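# got a sequence here, can you build the structure:
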Amino acid sequence: MSKAGIRNATQIRDTRSLARFGITSMQVRLDEEESKRWVSQFVIAGRSYQMQGFADLGRPRGADTDVILGVEALFAVQGFPQDNTVVTSGYQLAQAAHLPDNGRTYERLRDSLLRYWRTGFIVREGFEVPGQEAVAYYNETLGFFEKISFWEQGQRGRGGDLAQGSLSRDKTLRVVLTPEFADSLRSGFIHHLDRELLRNIEQPPARALYRLLSAHRQTDEGHMQDSLTVSLQDWREACGLQDSRASKVMRALAAAHDELTALGYLTAVDTIGRGQKMELVYHFRKSGDPDPVLVQQLLDANLGLSLVVAQQLAREYAPHVEHGIQFVKNRQAAVANGGKPVVNPAGLLRSALKEPDRYLLTEVQVRPEGTVKPSRKSQEALKRQEQAAQEELETQALELQELPAHLQWQKCRTSLKLLLQRKLTSDEWKTLEQRCVVGELSAATLLSAATHAAATLDLQDYVTTLKFQLK
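Down below sits the predicted model:
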């Protein structure tokens, strides 16, 4: 097998059918007895899934996701051999699974491979019998591996017996896939995983969730949906989470949600309802969407930008955003050395991004003390540009104010949500939405005030006042 083939691959071909069942739990630790036999029944995107799992070594979990994806990647790189056999080594499998080259990894590889070998499951599909109330069920037993041949590194114990060791790093490892698993990978019913994204996801539960989301996000026709709505309890079953309490499920998902959002795979995760009836709405980043990391950098810079403006700048001027932020920060820092105060940092940033060559953004450096101040002419020109940018923002705000109340809410909802929703209870957010839609509150005014409060570090005081208004 070519090592370069694995390193240079940009995608991993994953079976959509098996991935949708969520056989590998995203939990890192499971109750061993419960994980040896389980039943999953759930509905995702209108499709019903029923499965019984049997695993005498325990259900695959956590980092086992990396191992099965590594095996799939090797199977594809080797050309989907007709004998369904992956011939590799512990080191090559570790590389394909994005795992570090150390002793603990080879212990994990051994345990993970054996768990998949000993995991079988029955999938069910129901059929109504015409003219009768009875339902006939078609059952099919499936599994991952037929056979594993591997060398083990270990030491003899005191009694002379060979203690359990770890998978050999360099000796030959053979994994024979079941015909069903191999055929599923060869078929067109697959989904591709972004290898670079997988490499950047740090936590195994987030990688497991990414795999599950990717499988369910793609329709049978291959279309990638922009959003996916799931019942929390159905999603718990699909994720292999054992605790059914809504608060525990959300806590188990929270870190994975945050990581996938930070990496730009998700743009938001909305919740609808509460408790056992809660639904999750996953919003996926689409082609052409702004880089969420750049958007967050623009907001964190506290230059007075609304979310909408930050998204626009990140989309249109992505290569220069970081330099632009540093440029404005340098101008603000220069005030201590006698420089002119920056009246409108947001306007200055917009002007700089529109004319990067003029502002030399590619050569931005923190200005050391004693540097020659800008000439009066350049200061006056910059002030005019700042004033023009401020006038543009004020014009946009006035246009927004003139819209009907329900359209104001539609335009401002996403920005207000980013600024306020985590600081408001679900009931307060609903009240805010209702009062904005009917015109009791102006969404445009709220957004302007909240954005200004965030820029001046007064957001918490503003939220306290807003909570009082909503009572």
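# quick one: the strands in the stretch 151-300 of the chain?
Per DSSP state E, counting those that start in this stretch, the stretch 151-300 of the chain carries strands over the ranges 152-153, 166-167, 172-177, 190-194, 227-231, 266-272, 279-284.
# quick one: pLDDT of V71?
At V71, the pLDDT value in this model is 94.
# if I pick it, what's in contact with it?
86, 93, 96, 175, 177 (CB atoms under 8 Å, 6 or more residues apart in numbering). Glycine gets a C-beta too; all of them are placed from N, C-alpha and C.
# how about it, secondary structure?
The three-state label given to V71 by DSSP: H, G, I helix; E, B strand; the rest coil is helix.
# how close does it get to Y282?
Separation of V71 from Y282 (CB to CB, to the nearest Å) stands at 27 Å.
# output the below-cut-off pLDDT ranges for the stretch 51-200 of the chain.
Where the stretch 51-200 of the chain drops to pLDDT under 70, the residues are 125-135, 155-164.
# contact partners for S166?
S166 touches 103, 106-107, 109-110, 152-154, counting by CB under 8 Å, 6+ apart.
# please report phi then psi for the closest residue to A208 other than its chain neighbours.
Nearest residue to A208 in three dimensions, chain neighbours excluded: M26, at 3.8 Å (CB to CB, 6 or more residues apart in numbering). Phi and psi for M26, reported as degrees, to the nearest 10, are phi -80, psi -10.
# gap between M26 and H257?
On the measure of CB to CB, M26 and H257 end up 12 Å apart.
# same check, this time on A238
15 Å.
# looking only at neighbour counts, state which of these two leads.
Between A238 and H257, A238 has the larger neighbour count (other CB atoms under 10 Å), namely 24 against 17.
# wait, that one touches G22, no?
Yes: at 4.1 Å, A238 counts as touching G22 under the criterion of CB atoms under 8 Å.
# what sits in contact with each of the two?
Common neighbours of A238 and G22, counting by CB under 8 Å, 6+ apart, are 40, 212.
# got the contact list for the residue nearest to C239 when sequence neighbours are not counted?
Residue nearest to C239 in three dimensions, not counting chain neighbours: M26, with 4.8 Å by CB to CB, 6+ apart. M26 makes contact with 61-62, 65, 204-205, 208-209, 212, 239-241, 252, 256 under the criterion CB under 8 Å, 6+ apart.
# among those, name the ones in helices.
Among the contacts of M26, the members falling in helices (DSSP state H) are 65, 204-205, 208-209, 212, 239, 252, 256.
# okay if I get these as CSV plus distance to G120 and neighbour count?
Below are the ones in helices among the contacts of M26 laid out as CSV (distance: CB to CB, whole Å; neighbours: other CB atoms under 10 Å):
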residue, distance to G120, neighbour count
T65, 18, 26
P204, 23, 19
P205, 24, 23
A208, 20, 29
L209, 24, 28
L212, 20, 23
C239, 20, 24
A252, 26, 19
A256, 27, 24
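# columns distance to Y138 on top of those, output as JSON lines?
Shown next, in JSON lines, are the ones in helices among the contacts of M26 (distance: CB to CB, whole Å):
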{"residue": "T65", "distance to Y138": "28"}
{"residue": "P204", "distance to Y138": "34"}
{"residue": "P205", "distance to Y138": "33"}
{"residue": "A208", "distance to Y138": "28"}
{"residue": "L209", "distance to Y138": "30"}
{"residue": "L212", "distance to Y138": "24"}
{"residue": "C239", "distance to Y138": "26"}
{"residue": "A252", "distance to Y138": "33"}
{"residue": "A256", "distance to Y138": "34"}
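# and the two most separated of those residues?
T65 and A252 (14.9 Å; CB to CB).
# domain-wise, how is this protein divided?
Using automatic domain parsing, the domain ranges for the chain come out as 3-284, 305-398, 403-470.
# and the first one, how far from the chain's centre?
Here the centre of mass of C-alpha atoms in domain 3-284, compared against the chain's by CA atoms, centre = their mean, to the nearest Å, lies 16 Å away.
# check stretch 318-335 too.
29 Å.
# stretch 435-449 too?
On CA atoms, centre = their mean, the centre of stretch 435-449 falls 31 Å from that of its chain.
# now do stretch 317-328
On the basis of CA atoms, centre = their mean, stretch 317-328 sits 25 Å off its chain's mean C-alpha point.
# so for it, what gets flagged as buried?
317, 320-325, 327-328 (16 or more other CB atoms under 10 Å).
# mind telling me the two of those residues farthest from one another?
Taking CB to CB, the two most distant members of the buried residues of stretch 317-328 are Y317 and V328; they sit 13.1 Å apart.
# any shared contact partners between those two?
Counting by CB under 8 Å, 6+ apart, nothing touches both Y317 and V328.
# tell me which residue is most central in this structure.
In the chain, the centroid-proximal residue (CA atoms, centre = their mean) is L260; its distance is 1.7 Å.
# how much space between it and I325?
L260 is 25 Å from I325, where distance means CB to CB.
# what of V175?
V175 is 49 Å from I325, where distance means CB to CB.
# name the nearest residue to E433, ignoring sequence neighbours.
Sequence neighbours aside, W409 is the residue nearest to E433 in space, at 6.8 Å (criterion: CB to CB, 6+ apart).
# that neighbour - how many residues pack around it?
Neighbours around W409, by other CB under 10 Å: 24.
# by contact count, what packs against the one helix or strand it maps to?
Element membership for W409, per DSSP states H and E: helix 405-420. For helix 405-420, the packing partners by 3 or more CB pairs under 8 Å, 6 or more residues apart in numbering; DSSP states H and E come out as helix 307-316, helix 376-401, helix 426-437, helix 443-455, helix 459-470.
# mean pLDDT lowest for which of those?
Among those, helix 376-401 scores lowest, with a mean of 57.
# verify the contact between the residue nearest to the centre of the chain and A208 for me.
No: between L260 and A208 there is no contact under CB under 8 Å: 11.1 Å.
# show me where pLDDT drops low in the stretch 251-400 of the chain?
The model of the stretch 251-400 of the chain has pLDDT under 70 over residues 287, 359-398.
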